[in-house]
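Participant: would you be able to build a 3D model of this:
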Amino acid sequence: MKHLFFLNKYFVKYKWRILPGIIFVVISNIFGTVPGQVIRQAFDLITENIQVYRLYAGFDRQAIVYDIFSYSLLFFGALILALYLIRGLFLFFMRQTIILMSRHIEYDMKNEIYAHYQKLSLGFYRRNNTGDLMNRATEDVNRVRMYVGPAIMYAINTTVQSCLVIYFMFSVNSTLAIYTLLPLPILVVVIYHVNTIINHKSEKIQEQLSRLSSFVQERFSGIRVIKSYVREKYAQDIFAKESNAYKNNSMDLVRVQAFFYPAMLLLVGLSTILTIYIGGNKVIDGAITPGNIAEFIFYVNQLTFPVTMLGWVTTLIQRAAASQKRINEFLHLVPDINSGGEEVQLQGNISFKNVSFTYPDTGIEALKNVSFEIKNGEFVAIIGRTGSGKSTLANLIMRMYDVSSGEIFVEGKSPKQLNLQQYRSQIGFVPQEVFLFSDTIKNNIAFGLDSVSDEEVTNAAKNAAVYHNIVGFDQQFETMLGERGITLSGGQKQRVSIARALIKSPQMLVFDDCLSAVDTKTEEEILSNLGKLMSGRTSILIAHRISTIKNADKILVLDNGKVVEEGTHQQLLNLNGMYAEMYQNQLLEEENS
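Facilitator: Prediction:
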């Protein structure tokens, strides 16, 4: 239960729902238990006066006695019906308070989990797969809701009902009550051992479900690759294997439960047999009346529901504890990147001093003792071979990670001091891996702002050289994109992503190799537009093609995590080093093509 203590804050928040709910539970169970005494009175009335009815056989008075019996039984029947109607009313109130409370807690939990996910840094998402993250925020939360709603409701109901029933049993005859309740300690031992098994198997089921969800989500995202390589059968076989593992784990749990519930019902049936046998002897001895046996059988049947619910409730609690443990693992994580409190008016002055960076998850050293300076209004280009650390530089500028050693200064201040939200809001960032949402083209372009006009969206599309492509669609800017923008080509996706950055009118623009799928003519148009838009503002462009960056004010050449050359296009050519070699190779490629 220690993992479920996390939920106590919600119970405090919604105390004015759970407290009336408990009161309604008590009242409903009082009206559910009292009918036992009414049944006893009715049964005794019949057994004690049946001889009177027979004595008047053949006389007119027998009809009068019959009428008295009929009206008395009708009264008792109407009274029991009224008691159950009142009980039903309070059961309705009970569900309206406790079950509705569980839905409010579910809403709060999902929002808290999602908000915490948002705070966690990029490294967290590199370490965890999407399917598992989704499963903890949906399936695990739903299992916890079953605890804070139905489990708690039935646990309270079971406790109150059991206490009332046992109290009335002992008030009638303590000896008979002890014999009737004798099987219950055995039931407690069974529940203790079985629930340990249920808890272990529930954790395995949830872990397997996360793996299954991750597999499905990843395969659906990569369906193009699967179809291109004709690997549908291979994917289907893996899915069947994972699904079979989930089925086997679930069947193991079902087998335990299949033993659990019949065992409980057997013990309850044993109580009924003891009641009739011991109670019959008590009636013969004159200690109790036959009506008391009927009353006891009613109470035993009343205990059947709590005992059955006890197994179901403990299963829900065990499953919720396993799920809450998984949720808490992430909720207790502290973000690697924490925002500072200082706001800065970004001009684009950035300097790296002896910066080194090693990815914490893989141990790969991406940057080694890197130093350079970017000044306000400069167009700076970064070029290098694959794996040289170009994207890492962009991530460090955006403070997606903190440096392993060395220092970065933004407007003379450490990024750790800066308010991250305010700092990043002034940067237009286009990542290497373009991501578009399953939404309209217009909403994808306007994503970075709360409200924009149609004219601003149109201008951004024109500056990104994607306007003519968009107006060629039937729905134009209202065209719905598939998952990850699958509706568009690679070049169109890149340009929509560029438009999303440009519409912000950022103080600094960071392009992380986002022109790779764009033809040379379109690239020149985009760069020309950028020259006008970013005049007096800082632009950082990461690229592979030298034709893209030859007009840059400064070019940084990276190799194996180090800045090996720095200067303008002409200065680097004059050095006749790595940059000049790359330039010559690209010229040869263009001539051959």
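Participant: could you list the buried residues of stretch 430-446?
Facilitator: Within stretch 430-446, the residues that qualify as buried are 430, 431, 434, 436, 440, 441, 442, 443, 444, 445, 446, counting by 16 or more other CB atoms under 10 Å. (Each C-beta comes from the backbone N, C-alpha and C, glycine too.)
Participant: inside strands: which ones of the residues you listed?
Facilitator: residue 430 (DSSP state E).
Participant: closest one to residue 165 out of the buried residues of stretch 430-446, please.
Facilitator: Comparing the buried residues of stretch 430-446 against residue 165 with CB to CB places residue 443 closest, at 59.9 Å.
Participant: ok, the residue nearest to that closest one when sequence neighbours are not counted - contacts?
Facilitator: In space, and not counting its chain neighbours, residue 443 is closest to residue 437: 7.4 Å by CB to CB, 6 or more residues apart in numbering. For residue 437, the contact set (CB atoms under 8 Å, 6 or more residues apart in numbering) comprises 443, 444, 447, 481, 485.
Participant: the third one touches residue 500, doesn't it?
Facilitator: If I follow you right, that is residue 447. Yes: in this structure, residue 447 is within contact of residue 500 by CB atoms under 8 Å, at 5.5 Å.
Participant: out of the two, which sits in the busier spot?
Facilitator: Comparing residue 447 with residue 500 by other CB atoms under 10 Å, the one with more neighbours is residue 500, at 25 against 16.
Participant: for the chain, which helix is longest?
Facilitator: The single longest helix within the chain, with elements called by DSSP state H, is helix 61-119.
Participant: can I get the very next helix or strand once past it in CSV? Just the C-alpha atoms.
Facilitator: Downstream of helix 61-119, the next assigned helix or strand under DSSP states H and E is helix 122-127. The C-alpha trace of helix 122-127 is given here as CSV (Å, rounded to 0.1, in the frame of the first residue of the first chain):
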residue,chain,number,x,y,z
LEU,A,122,15.2,15.5,-23.8
GLY,A,123,17.4,12.8,-22.2
PHE,A,124,14.4,11.3,-20.5
TYR,A,125,12.7,10.7,-23.9
ARG,A,126,15.9,9.1,-25.3
ARG,A,127,15.8,6.6,-22.4
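Participant: and stretch 29-44, which residues are buried?
Facilitator: Within stretch 29-44, the residues that count as buried by 16+ other CB under 10 Å are 29-36, 38-40, 42-44.
Participant: and for stretch 468-485?
Facilitator: 469, 470, 477, 479, 481, 485.
Participant: related to what we said a few turns ago, per-residue confidence for the residue nearest to residue 443?
Facilitator: pLDDT, residue 437: 80.
Participant: now the one 5 residues further on
Facilitator: Confidence per residue is given as pLDDT, and for residue 442 that number is 85.
Participant: skipping its backbone neighbours, what lies nearest it in space?
Facilitator: Residue 442 sits nearest to residue 477 (CB to CB, 6+ apart), 4.1 Å away.
Participant: does the one you found belong to a helix, a strand or coil?
Facilitator: The assignment at residue 477 comes out as helix when based on DSSP: H, G, I helix; E, B strand; the rest coil.
Participant: that one and residue 460 touch, don't they?
Facilitator: No: the criterion here is CB under 8 Å, and residue 477 misses it with residue 460 at 10.7 Å.
Participant: overlap of the contact sets of these two?
Facilitator: Going by CB under 8 Å, 6+ apart, residues that sit against residue 477 and also against residue 460 are residue 445.
Participant: what about stretch 355-374, how long is it end to end?
Facilitator: End-to-end span of stretch 355-374 (CA to CA, to the nearest Å): 15 Å.
Participant: and it, how far out from the chain's middle?
Facilitator: 34 Å (CA atoms, centre = their mean, to the nearest Å).
Participant: stretch 276-296 too?
Facilitator: 56 Å.
Participant: can we start the residue count at 705 from this point?
Facilitator: Sure, I'll start numbering at 705, so the last one becomes stretch 980-1000.
Participant: what's the end-to-end length of it?
Facilitator: Stretch 980-1000: ends 9 Å apart by CA to CA.
Participant: list the buried residues in that stretch.
Facilitator: So stretch 980-1000, judged by 16+ other CB under 10 Å, has buried residues 982-983, 986-987, 992-1000.
Participant: which outside residues touch that stretch?
Facilitator: Here stretch 980-1000 has contacts from 740-741, 743-748, 751, 872-873, 876-877, 879-880, 883-884, 979, 1001, using CB under 8 Å, 6+ apart.
Participant: coming back round to it: among the buried residues of stretch 733-748, name the ones in helices.
Facilitator: Using DSSP H, the buried residues of stretch 733-748 in helices are 733-737, 739-740, 742-744, 746-748.
Participant: of those, just say which sits nearest to residue 1072.
Facilitator: Among those, and counting by CB to CB, the member closest to residue 1072 is residue 733, at 72.0 Å.
Participant: so for the closest one, what's the pLDDT?
Facilitator: Reading off the model, residue 733 has pLDDT 84.
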